[in-house]
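Engineer: need coordinates for the below:
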Amino acid sequence: MTFENIVKKLSRVLAAAFMFFMADGFYLSQKGFGWVDGNLVLVKPAKASMSVPEGSAVPSRFEMNVEHMLGSKEAPVTIYEFSSLGCSHCADFHLNMLPELKKDYIDNGKVKLVFADFPIDAKSMKGAMLARCMPADKYFDFLSLLFKKQLTWGLSFKTEKLLTSYAELEGLSADKAKACMEDDDMAKEIMSVRQDAMEKLKIQGTPSFLVRGEGGEEVLPGVPDYERLKEVLNKYLGVNK
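Structural biologist: Numbering: from 1, shown residues only. Reported below is the predicted structural model:
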């Protein structure tokens, strides 16, 4: 192959990659993403610029359709976990603290945990969309898998291919996975929950937690110390210690 042919072939490959990148960016921009400092990220509206101090009482009126929940629906205290599959701190909570929380509060019916998608970039958006297509009994296991392999798919140039391969291991076909990651209605639902959290709870980053009980509710930004989290949960459970 001559040098001229090599240059032509390389140019075609780069052109195709550019067109794919632009098309992918346009598709996601329709779902609330934009270019910031060279990165495709979710654009935050100005009205969500204020943050909430830890422990603040929030008369939020925040509600969402609860499709994915750990624990009994009758549990008196609810934790809404606003999380992005591309967030390392979210992975830390989900893989390291959640098992302890599950043992101490969720499995015994005291607390239920609701996972609320709050994607922070294009890749985590696609991961969230794909996870929602998993069977209900495999949803949280699939989240754990994506968190465990976060660096692998998060840094890959073939993210969709990797995500699809993970879904196939759980019995989801490649065609179904592709359809999930291109589902406009699902994307709108995710964005609606995210927007509500920003407007009603002033949440800006992940992870963040809304703890709600009969006595009220409050927001905990970031991964709280486990003792601090227990203190908040016990307060809403009416436990002195």
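
Engineer: show me where the chain has helices.
Structural biologist: For the chain, applying DSSP state H gives helices covering 3-29, 88-92, 98-101, 122-131, 139-148, 150-154, 159-169, 174-180, 184-201, 226-237.

Engineer: can you report phi and psi for the residue nearest the centre of the chain?
Structural biologist: Nearest to the geometric centre of the chain sits Ser84, at 2.9 Å (C-alpha atoms, centre = their mean). Taking degrees, to the nearest 10, you get phi -120, psi 140 for the backbone angles of Ser84.

Engineer: next up, the contacts around it.
Structural biologist: 90, 117-121, 124, 128, 206-207 (C-beta atoms under 8 Å, 6 or more residues apart in numbering). All C-beta spots, glycine's among them, are computed from the backbone N, C-alpha and C.

Engineer: ok, so what distance separates it from Gly215?
Structural biologist: 29 Å (C-beta to C-beta, to the nearest Å).

Engineer: swap in Lys123?
Structural biologist: 39 Å.

Engineer: now swap in Glu189 and tell me
Structural biologist: Where Gly215 is concerned, Glu189 sits at a distance of 30 Å (C-beta to C-beta).

Engineer: okay, these two: which has more neighbours?
Structural biologist: Glu189 (17 against 11; other C-beta atoms under 10 Å).

Engineer: for the more buried one, which non-adjacent residue is closest in space?
Structural biologist: Nearest residue to Glu189 in three dimensions, chain neighbours excluded: Asn65, at 7.9 Å (C-beta to C-beta, 6 or more residues apart in numbering).

Engineer: what about that neighbour, how many neighbours?
Structural biologist: For Asn65, using other C-beta under 10 Å, the count is 9.

Engineer: same thing with the one 3 residues further on?
Structural biologist: Other residues near His68 number 17, with proximity taken as other C-beta under 10 Å.

Engineer: what stretches of the protein score poorly on pLDDT?
Structural biologist: 1-60, 240-241 (pLDDT under 70).

Engineer: residues touching the nearest residue to Asp107 once chain neighbours are set aside, list them.
Structural biologist: Nearest residue to Asp107, sequence neighbours excluded (C-beta to C-beta, 6+ apart): Gly71, at 7.5 Å. With contact taken as C-beta under 8 Å, 6+ apart, Gly71 is in contact with 102, 106-107, 109, 111-113.

Engineer: what about 10 Å?
Structural biologist: Applying C-beta atoms under 10 Å, 6 or more residues apart in numbering, we find Gly71 in contact with 77-79, 101-102, 105-114.

Engineer: and those, which are buried?
Structural biologist: Among the contacts of Gly71, those scoring as buried are 77-79, 101-102, 105-106, 110-114 (criterion: 16 or more other C-beta atoms under 10 Å).
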